[in-house]
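J.: Please find the sequence and the predicted model below.
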Amino acid sequence: MSVRQNKILVLGLGNDILGDDAVGLHAARELQKVIQDNADVVEAVISGFEIMDVLEGYEKVLLLDAVVTNQHPTGTILELSKEQFKNVVAISPHYMGLPEVFLLAEEMKINFPKEIRILAMEIKPPYEVREGLSADVMNALPDLISKGKEVLSKWSC
Amino acid sequence: MNESNKKHISIDPITRLEGHGKIDIFLNNDGEVENCYLMIPELRGFEQFCVGRPVEEMPRITTRLCGVCPEAHHIASAKACDAVYHIEPPSAGRKLRELLYNVFFSGDHALHFYALGGPDFVVGPEAPAAERNILGVIAKVGVEIGKKVIQHRAHHSAIMELLGGKKIHQVTSLPGGVSKGLTEEERKGVEARIVEMVEFGKFTIKVFDDIVLKNKAYVDLILSDTYAMKIHSMGLVDEKNRVNFYDGKVRVVDCNGKEFVKYSPKEYLDNIAEHVEPWSYLKFPFLKKIGWKGFIEGNEGSIYWATPLSRLNAADGMATPLAQAEYERMYKTLGGKPVHATLATHWARVIELLYASERALELVRDPEITSPNIRAIPKETPTEGVGIIEAPRGTLTHHYVTDERGILTKVNLIVGTTNNNAPIAMSVKKAAQGLIKKGTVVSDGILNKIEMAFRAYDPCFGCATHTLPGQMPLVVNIRNKDGEIIQELKR
């Protein structure tokens, strides 16, 4: 079982060569510059079991990611709890989606965060291999960072 | 499942599959399957993205191709870079790569068996979709099995981080070898973990025995015509024609098990060509010496598969003792070589899991593994090179061409799943035709059995498409029996 010095994690998820899919990584990078040193910041291009490895041992997690629901304009920030998350996101294209990870951790009694806040930005389907964010997502990035700061300030970060 | 009309059944999205996929099944006026297409609405354009970059960046860039098998791309890319720079890694460097790679293979195959393919058998092919996952496996078999899987993953992750520099997206393989060696203290720790991985491999064979092979209905399902696919088999083999994931020659055997061709990586373009179909964004590789004959089975056809089962079919055996015993048992049980039962791929996969663990143990106990001589510095002018390995999903080819500065001018990848595009399409169609008959009530269970036909391949379409430019809408074409589009759906 992992023992963490800090109890709070900021986890940015995404693929850094899939354009707007990387918005969570960008947001985590920016938050690292302003938050207290009582939180860890991780940028990760991972899914499934690997997410479980990263989350284990923390008490609170702010997860930053991109999402495609096709229900909101690009750049919309969705605030999700883990309970809501499985209702918002369709079946994951990855091996194990976050909902399955949460359920498996619960089933296996893994030391998992009690509180998980998810901030996800609506993007267009990210199938174009490229670096950098689109203008719409770049414009909305400060809002994502701002909402991330609000969450972290309540956690005294 | 949704139905746009009575003649069109769609499974979308395909569950537990990397990337986004869609299957369209077309029924004729009699309610039987007229045709069936596997549609892949995803473009990545990765190869063009790489052109203009220094070739030595490729082992790190290609890991971004996919969140599932970065290790395979890392190692294939490093081998292609070796060839581009005309350099052979020192023996210890080569063994460290192979050690990392076999540990990865063991972890990846375990994930497929317990989380992706296995639930169809453990929980049952007609169980509710929400239960056909690893949670369903735990509920059926017990929490102890979940603990073993997670422990196996922990060993895998720890060794990847040590040998690869990072848990995922490894960075240590370079042109000419690896950047990081193994101390004796580290070696002992890795050895202890791999000993447990071998035990896990033996345990998984027993799970497969108890749950699948002792259930006559499952064995009948595996051996049924619905899931049979008589095509050529491909796999990488060592100098004794035994399965090897890291190095060797690509061997192809025909439907009778007779060697059709054996070629070295640099000869791949003489042996493999790619066919394009108007209804798919994927290419369909085929055996060039036969030529494209269409989606047909048999020795006269040029379709081949590159899967755990095809690797065992293409080889004369396994290079480790426990896996060899299981190899012999599988062929004896299923009536001899080669086996054409698509669902037997799951059995072949757990045999490979055991082999990978055993091979990793051999390598970590090799006295040379702690040698500091792990990299040769490239000195020759870079030109062109091909690297071939076996990825868990099939033979993986990286082909790079550079200018004299080592800047990439051409990149071509044939990933594991791409090899299998044609057989997957054929298997899905055959399963649909076998399972949906006139008057059949198409239940979720039947649709899942159709999905099982491709899930056996462990397909990963996230890195299988390679056409620019960019984003593409999802398009569904409904065709008549002559292939003409009679309706087009977009979203």
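T.: Happy to help now that I have it. What you are looking at is a predicted structure, and each value in this text was computed from that prediction instead of being measured.
J.: which residues touch the residue sitting nearest the centre point of chain B?
T.: In chain B, the centroid-proximal residue (Cα atoms, centre = their mean) is residue B:393; its distance is 0.2 Å. Residues near residue B:393 by Cβ atoms under 8 Å, 6 or more residues apart in numbering or on different chains: B:69, B:307, B:415-417, B:420, B:457-460. Using the backbone N, CA and C atoms, a C-beta is placed for each residue, glycine as well.
J.: Three-state assignment for the closest residue to residue A:35 other than its chain neighbours, please.
T.: Computed as Cβ to Cβ, 6 or more residues apart in numbering or on different chains, the closest residue to residue A:35 that is not its neighbour in sequence is residue A:157, at 4.7 Å. Three-state call for residue A:157 (DSSP: H, G, I helix; E, B strand; the rest coil): coil.
J.: quick check: mean pLDDT across stretch B:273-286?
T.: In this model, stretch B:273-286 has a mean pLDDT of 84.
J.: what about it, distance to the chain center?
T.: 18 Å (Cα atoms, centre = their mean, to the nearest Å).
J.: same question, stretch B:310-321
T.: Distance, centroid of stretch B:310-321 to centroid of chain: 16 Å (Cα atoms, centre = their mean).
J.: Equivalent analysis for stretch B:425-444, please.
T.: 24 Å.
J.: Touching it from outside, list them.
T.: By Cβ under 8 Å, 6+ apart, stretch B:425-444 touches B:1, B:9, B:23, B:25, B:27, B:30-33, B:35-38, B:126, B:128-129, B:224-229, B:231, B:280, B:284, B:295, B:297, B:303, B:342, B:446, B:449-450, B:452-454, B:456-457.
J.: Residue ranges in chain A under the pLDDT threshold?
T.: A:1-3, A:47-48, A:82-98 (pLDDT under 70).
J.: Now do the strands in it.
T.: A:8-13, A:39-44, A:60-67, A:77-81, A:115-122 (DSSP state E).
J.: mind checking how far residue B:281 is from chain A?
T.: To chain A, residue B:281 is 10 Å away according to Cβ to the nearest Cβ, to the nearest Å.
J.: So what's the residue count around that residue?
T.: 18 (other Cβ atoms under 10 Å in any protein chain shown).
J.: Check residue A:65 too.
T.: With other Cβ under 10 Å as criterion, residue A:65 counts 24.
J.: what's the answer for residue B:438, then?
T.: Neighbours around residue B:438, by other Cβ under 10 Å: 9.
J.: Can you give me the distance of it to chain A?
T.: Taken as Cβ to the nearest Cβ, the span from residue B:438 to chain A is 31 Å.
J.: what do you get for residue B:287?
T.: 30 Å.
J.: so that residue sits right up against residue B:252, yeah?
T.: Yes - Residue B:287 sits in contact with residue B:252 when judged by Cβ atoms under 8 Å, with a separation of 6.7 Å.
J.: Need the overlap of contacts for these two.
T.: B:232, B:260-261, B:271, B:304.
J.: what's the closest of these to residue A:137?
T.: residue B:304 (42.2 Å; Cβ to Cβ).
J.: Please report the number of neighbouring residues for the closest residue to that closest one other than its chain neighbours.
T.: Once flanking residues are discounted, residue B:304 sits nearest to residue B:232: 3.8 Å by Cβ to Cβ, 6+ apart. Using other Cβ under 10 Å, residue B:232 has 27 other residues around it.
J.: For residue B:232, list the residues it contacts.
T.: Taking Cβ under 8 Å, 6+ apart as the test, what residue B:232 contacts is B:252-255, B:260, B:287, B:299, B:301-305.
J.: What of residue A:143?
T.: A:75, A:77.
J.: residues near whatever residue of chain A ends up closest to chain B, how many?
T.: Taking Cβ to the nearest Cβ, chain B has its nearest neighbour within chain A at residue A:128, 3.4 Å off. Using other Cβ under 10 Å, residue A:128 has 21 neighbouring residues.
J.: Make sure it is actually in contact with residue A:21.
T.: No - assessed by Cβ under 8 Å, residue A:128 is found out of contact with residue A:21, at 9.6 Å.
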